[in-house]
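[1] got a structure for you, letters missing:
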């Protein structure tokens with residue numbers, strides 16, 4: 001039965017349930033324009049805040065080791081647990097976004113981020129601090145997918161790859177704040193005031209989202225009677241959670257997206273989240289200021305590649321796989337040169353080179369989300385994006401843990417005694433997830449090509 005036009009009156013009685021959904025009026029194409037950019041900017045502000053929270057430990061790793069009296073394995077546990085919670089929450093968050101909308105999910109995420117960081121600011125022992133990072137990871141998990149869903153509702157489909165890259169670029173702005181402002185604040189103000197200030201920042205962002213964020217254009221809101229009819233149809237047609245996840249997983253494009261995200265993201269992520277500063281200071285003998293400068297360069301490189309890849313992907317979807325394979329190849333080659341350098345002390349130009357190359361890792365990982373977006377229907381985009389977004393953080397978790405365990409095994413004296421050779425052999429662990437991920441990409445690439453219409 002077709003849905004009646006807006007001027008008709010709904011019957012008072014409830015019709016008998018149908019086995020199939022009734023057709024509902026198609027929504028107009030997203031308009032884009034200033035209102036779209038405003039909605040995106042408000043959502044992106046939450047993601048910037050989340051990245052500040054996420055990367056805060058990257059410049060505080062040595063301080064955390066001293067504050068809690070822990071070694072490399074225990075220190076890596078902070079980031080591993082945070083990333084583990086983030087990855088585990090991706091499918092549930094995708095389902096929540098599909099069911100309840102991105103605005104509500106973003107508000108919950110801000111509360112969790114601020115709560116976790118505030119607890120971390122006042123923690124003086126390992127266990128409470130570890131729990132606070134888990135809460136923070138849960139809040140972080142709710143941001144990126146929500147912003148992508150807002151963009152999908154506001155922008156035409158052809159513009160989504162570019163907006164996704166801009167979202168990643170905005171997040172790198174948060175990383176830049178961490179490496180420049182937070183590192184200096186830790187040195188001048190101390191642990192508790194610095195992390196408390198970050199937690200309080202969430203109050204302003206919460207107010208911004210609650211008061212001003214519109215998660216969809218006004219044209220996407222149907223008249224009351226059509227809304228009711230659409231809701232009734234959706235209640236019949238909406239798949240169960242397990243079926244929705246399974247439908248996403250059965251799509252080869254979703255699985256390819258996951259492995260693209262897994263393989264491209266983790267080297268730069270593990271370096272920026274935790275091991276970059278210790279490696280540069282303890283293994284390469286750099287000052288904290290010099291190491292912070294290279295981490296800032298990593299962020300700037302990431303932003304540059306994000307803009308470049310966004311333009312390439314908007315111009316042609318054929319750029320996806322060349323971007324992915326080039327990023328994987330140059331990252332593997334760059335680290336091979338750094339780790340094989342005699343004595344474990346590569347020259348500055350080579351360190352700068354690998355930093356610049358790792359700047360491509362985050363933007364290339366967003367290609368995985370593009371594969372999932374182009375192969376799944378709109379009603380399960382949040383779930384599909386959640387599955388893909390797990391990939392890079394699972395790879396990061398494996399890398400963080402592997403490096404931490406190898407550092408402790410190669411340096412029995414513990415923290416502060418990690419040699420250049422210990423770091424060199426520990427960083428070789430990166431090639432294990434890199435090899436597995438590349439093999440899976442090449443295998444699934446053929447399946448996606450075969451399933452293409």
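    Thanks, I have it. What you see is a predicted model, and the numbers here were worked out from it, not measured in a lab. Numbers count the residues shown, from 1 in each chain.

[2] quick one: the helices in the stretch 201-350 of the chain?
    Ranges of helices in the stretch 201-350 of the chain, per DSSP state H, counting those that start in this stretch, are 224-237, 241-250, 252-270, 276-278, 288-315, 320-340, 348-358.

[3] For the last one, enumerate the helices and strands it packs against.
    Same thing as helix 348-358. Helix 348-358 is packed against helix 288-315, helix 320-340, with contacts defined by 3 or more Cβ pairs under 8 Å, 6 or more residues apart in numbering; DSSP states H and E. Yep, even glycine has a C-beta here, placed from its N, CA and C like the rest.

[4] which helices and strands does the helix or strand just after it pack with?
    Using DSSP states H and E, the helix or strand that follows helix 348-358 towards the C-terminus is helix 361-375. Applying 3+ Cβ pairs under 8 Å, 6+ apart, we find helix 361-375 packed against helix 160-177, helix 252-270, helix 288-315, helix 320-340, helix 381-410.

[5] give me the low-pLDDT residue ranges for the protein?
    Residues of the chain that meet the criterion pLDDT under 70 lie in 1-32, 219-239, 412-417, 451-453.

[6] so what's residue 395 up against?
    262, 263, 265, 266, 269, 433, 437 (Cβ atoms under 8 Å, 6 or more residues apart in numbering).

[7] how about these, which pair is most distant?
    269 and 437 (13.0 Å; Cβ to Cβ).

[8] Residue 410: neighbour count?
    16 (other Cβ atoms under 10 Å).

[9] Just to check, it is in contact with residue 425?
    Yes - counting by Cβ atoms under 8 Å, residue 425 is a contact partner of residue 410 at 6.0 Å.

[10] related to what we said a few turns ago, and the helices of the stretch 201-350 of the chain, which is most packed in?
    Highest mean neighbour count of the helices of the stretch 201-350 of the chain: helix 252-270, a mean of 28 (counted as mean count of other Cβ atoms under 10 Å).

[11] For the closest residue to residue 429 other than its chain neighbours, the count of nearby residues, please.
    Leaving aside its chain neighbours, residue 429 sits nearest to residue 402 (3.9 Å; criterion: Cβ to Cβ, 6 or more residues apart in numbering). Using other Cβ under 10 Å, residue 402 is surrounded by 19 other residues.

[12] hmm, back to that, among the helices and strands packed on helix 361-375, which is nearest residue 60?
    Among the helices and strands packed on helix 361-375, helix 288-315 sits nearest to residue 60 (Cβ to Cβ), with 11.1 Å.

[13] So which other helices or strands are in contact with that closest one?
    helix 160-177, helix 183-189, helix 276-278, helix 320-340, helix 348-358, helix 361-375.

[14] can I get these in CSV with distance to residue 84?
    Shown next, in CSV, are those (distance: least, Cβ to Cβ, whole Å):
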stretch, distance to residue 84
helix 160-177, 20
helix 183-189, 25
helix 276-278, 20
helix 320-340, 23
helix 348-358, 22
helix 361-375, 18
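
[15] so which of those gets nearest residue 307?
    Comparing these by Cβ to Cβ, helix 160-177 comes nearest, at 6.2 Å.

[16] who touches that closest one?
    40, 44, 47-52, 55, 144, 147-148, 151-152, 155, 272, 296, 299-300, 302-303, 306-307, 309-311, 313-314, 317, 362-363, 366, 369-370, 373.

[17] Residues contacting whichever strand or helix holds residue 147, please?
    Residue 147 belongs to helix 144-154 when elements are defined using DSSP H and E. Residues outside helix 144-154 that contact it (Cβ under 8 Å, 6+ apart) are 30-32, 35-36, 39-40, 43-44, 46-47, 50, 90, 93-94, 97, 101-103, 105-106, 109, 160, 163-164, 167, 171, 213, 215-217, 220, 369, 373, 378, 381-382, 385-386, 389.

[18] one step back: just send the helices and strands packed on helix 348-358 back as JSON lines, with distance to residue 86 too.
    Shown next, in JSON lines, are the helices and strands packed on helix 348-358 (distance: least, Cβ to Cβ, whole Å):
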{"stretch": "helix 288-315", "distance to residue 86": "18"}
{"stretch": "helix 320-340", "distance to residue 86": "22"}
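
[19] out of those helices, which comes closest to residue 199?
    So among these, helix 288-315 is nearest, using Cβ to Cβ, at 22.0 Å.

[20] Look up how far residue 161 lies from residue 394.
    Separation of residue 394 from residue 161 (Cβ to Cβ, to the nearest Å): 23 Å.

[21] Tell me which of the two has more neighbours.
    residue 161 (25 against 22).

[22] Roughly how far does the closest residue to the more buried one other than its chain neighbours sit from residue 218?
    By the measure of Cβ to Cβ, 6+ apart, the closest residue to residue 161 outside its immediate chain neighbours is residue 313, 3.9 Å from it. Separation of residue 313 from residue 218 (Cβ to Cβ) stands at 29 Å.
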